[in-house]
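S.K.: sequence below, structure please.
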Amino acid sequence: MVPIKVLVVDDSAIVRKLLADGLRGTQDIEVVGTAADPFIARDMIVRLEPDVLTLDIEMPRMDGLSFLRRLMVHRPMPVIIISSLTQSGSAATIDALRAGAVAVIPKPGGPYSVGEVTDRLRERIRALRGLAPARLAPAPVVQDDPRPPVSFQHLRCANGVLAIGASTGGPQAIEALLTRLPAETPPVVIVQHMPARFTRAFAKRLDGLCAIRVVEVEGGERLEPGVAYIAPGDRHMLVERQGLVLSTRLTDGPPVHHQRPAVDVLFHSLARLQGLPIVGLLLTGMGQDGADGMVALRSAGAETIAQDEHSCVVFGMPKEAIARGGAAHVATLLRIPALIPECFGRMSRWPAA
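M.R.: Numbers count the residues shown, from 1 in each chain. I've put the predicted structure just below:
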């Protein structure tokens, strides 16, 4: 197997060495070089032609976000952000994901050991093998959307739930989806594979863009229409019912498929709720998290949608769900928003709240 060529870009010599040393020693990954700033990185990209770039956000001469935006215009390639856990670092990282970066990993230090960081990094690099650069285009800014508006007004799904799972490439896909949903959308629960602290910045950004409210879950929230609830990084999220009330619950259980939060944990919790109209949606992402949960949802009578291969950044999680028979529908990201109320419409037999 031809090794995946990686270029490490970080202004810290210590971090560059830690990441480079951690990635070396495997036959399928080759660190072709390290760069202290974007100007050095630019020349090395031309000369070394790496397949994947790791990029720090806060660097001298040119910040990582500005460099990423230029890179995606002139030479799109998979970029993994290695970011600090500061508030400013988290906000800038969300901007980087929107600009085309495919994943974020916290820098070594604090609660994250060097080994844990490099293990995550290796896993994500391997998932990007063969990725088409055209799929990395940043989320478009649409002034006048020619597509018909999405509406839930005539559907009896006030007590329904829309559940979404995503991983690599998910932040862009979730933004593209949520920004098309109207204020009367049924409650939305979301698991996006993302480290702790970054999910809060992600929710805050989406809240400023969407007609629905978007919040990071703290635990115990009552699900309400017109609100999207994002699982916090490093906590599993479940949905429970007490009488007619649906609410969130967070747990610190072991990772599932190496993930916490895990999509499967959320989906299985919903599948256990009887008599509830549910639409389960599995978006772009590496691995198999959510596939078993989607099978459970479909078996419980839910409508299920998997994002199609063409519109995925990484066709891993949806592919597994489709292969296992969990996806009742397969659709492009552009088609999914209008498909959601159609799916709720098929479940009109459920009583209104």
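S.K.: ranges for the helices of the chain?
M.R.: Counting by DSSP state H, the segments of the chain that form helices are 13-23, 38-48, 64-74, 87-98, 114-127, 170-178, 198-207, 263-271, 291-299, 317-323, 336-346.
S.K.: mean neighbour count, mean pLDDT and distance to residue 240 for these - can I get that in CSV?
M.R.: In short, each C-beta sits where N, CA and C put it, glycine included. Converted to CSV, the helices of the chain look like this (neighbours: other CB atoms under 10 Å; pLDDT from 0 to 100; distance: least, CB to CB, whole Å):
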stretch, mean neighbour count, mean pLDDT, distance to residue 240
helix 13-23, 17, 92, 40
helix 38-48, 16, 96, 47
helix 64-74, 18, 92, 39
helix 87-98, 20, 83, 29
helix 114-127, 17, 88, 30
helix 170-178, 24, 94, 23
helix 198-207, 21, 94, 20
helix 263-271, 26, 98, 7
helix 291-299, 23, 98, 16
helix 317-323, 24, 97, 24
helix 336-346, 19, 93, 21
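S.K.: would you mind giving the ones you listed as CSV with distance to residue 152 added?
M.R.: As requested, the helices of the chain are exported to CSV (distance: least, CB to CB, whole Å):
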stretch, distance to residue 152
helix 13-23, 46
helix 38-48, 45
helix 64-74, 35
helix 87-98, 26
helix 114-127, 35
helix 170-178, 14
helix 198-207, 19
helix 263-271, 18
helix 291-299, 19
helix 317-323, 24
helix 336-346, 5
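S.K.: residue 31: which of the ones you listed is closest?
M.R.: helix 13-23 (4.7 Å; CB to CB).
S.K.: can you list the neighbours in contact with that closest one?
M.R.: Residues outside helix 13-23 that contact it (CB atoms under 8 Å, 6 or more residues apart in numbering): 6, 8, 10, 29, 31, 34, 36, 54, 56, 82, 107-108, 114-115, 117-118, 121-122, 125.
S.K.: can you state the direction angle for it and helix 114-127?
M.R.: 60 degrees (axes from the mean of the first three to the mean of the last three CA atoms, to 10 degrees).
S.K.: can you verify my assumption that residue 54 contacts residue 80?
M.R.: Yes - Residue 54 lies in contact with residue 80 (CB atoms under 8 Å); the separation is 5.0 Å.
S.K.: what about these two, which has more around it?
M.R.: Taking other CB atoms under 10 Å, residue 54 and residue 80 do not tie; residue 54 has more neighbours (27 against 23).
S.K.: any idea how far residue 23 is from the more buried one?
M.R.: Going from residue 54 to residue 23 by CB to CB, to the nearest Å gives 9 Å.
S.K.: which residues are in contact with each of those two?
M.R.: Shared contacts of residue 54 and residue 23, defined by CB under 8 Å, 6+ apart, are found at 6, 8, 121.
S.K.: what sits against the second one?
M.R.: Counting by CB under 8 Å, 6+ apart, residue 8 makes contact with 16, 19, 20, 23, 31, 33, 34, 35, 54.
S.K.: repeat that for the first one.
M.R.: For residue 6, the contact set (CB under 8 Å, 6+ apart) comprises 23, 29, 30, 31, 32, 50, 51, 52, 53, 54, 125.
S.K.: repeat for the last one
M.R.: Residue 121 makes contacts with 19, 22, 23, 54, 80, 82, 105, as judged by CB under 8 Å, 6+ apart.
S.K.: quick one: those residues as TSV, columns for distance to residue 71 too.
M.R.: Listed next are the contacts of residue 121 as TSV, based on distance: CB to CB, whole Å:
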residue	distance to residue 71
19	19
22	23
23	20
54	13
80	13
82	15
105	18
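S.K.: now for these, which pair is the farthest apart?
M.R.: Maximum pairwise distance among these (CB to CB): 13.2 Å, between 22 and 80.
S.K.: how near is the spatially most central residue of the chain to residue 295?
M.R.: Central residue of the chain (CA atoms, centre = their mean): residue 170, 2.9 Å from the mean position. Remark: distance between residue 170 and residue 295 (CB to CB) = 20 Å.
S.K.: residue 89 is in contact with residue 106, correct?
M.R.: No - using CB under 8 Å, residue 106 is not in contact with residue 89; the gap is 9.1 Å.
S.K.: now do the shared contacts for those two.
M.R.: residue 83.
S.K.: so residue 332 is in contact with residue 306, correct?
M.R.: No - using CB under 8 Å, residue 332 is not in contact with residue 306; the gap is 10.9 Å.
S.K.: who's more crowded, the two?
M.R.: Between residue 332 and residue 306, counted using other CB under 10 Å, the more crowded position is residue 306 (28 against 13).
S.K.: returning to what we had before: reformat the shared contacts of residue 54 and residue 23 as JSON lines; add distance to residue 150.
M.R.: Listed next are the shared contacts of residue 54 and residue 23 as JSON lines, based on distance: CB to CB, whole Å:
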{"residue": "6", "distance to residue 150": "40"}
{"residue": "8", "distance to residue 150": "42"}
{"residue": "121", "distance to residue 150": "37"}
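S.K.: shaky segments in the stretch 101-250 of the chain?
M.R.: For the stretch 101-250 of the chain, residues meeting the criterion pLDDT under 70 lie at 109-112, 133-134, 137-146, 156-158.
S.K.: mind running it again at 50?
M.R.: 141-142 (pLDDT under 50).
S.K.: now do the strands in it.
M.R.: Residue ranges of the strands in the stretch 101-250 of the chain, as given by DSSP state E, counting those that start in this stretch, are 103-106, 161-166, 188-192, 213-216, 227-230, 236-242, 245-251.
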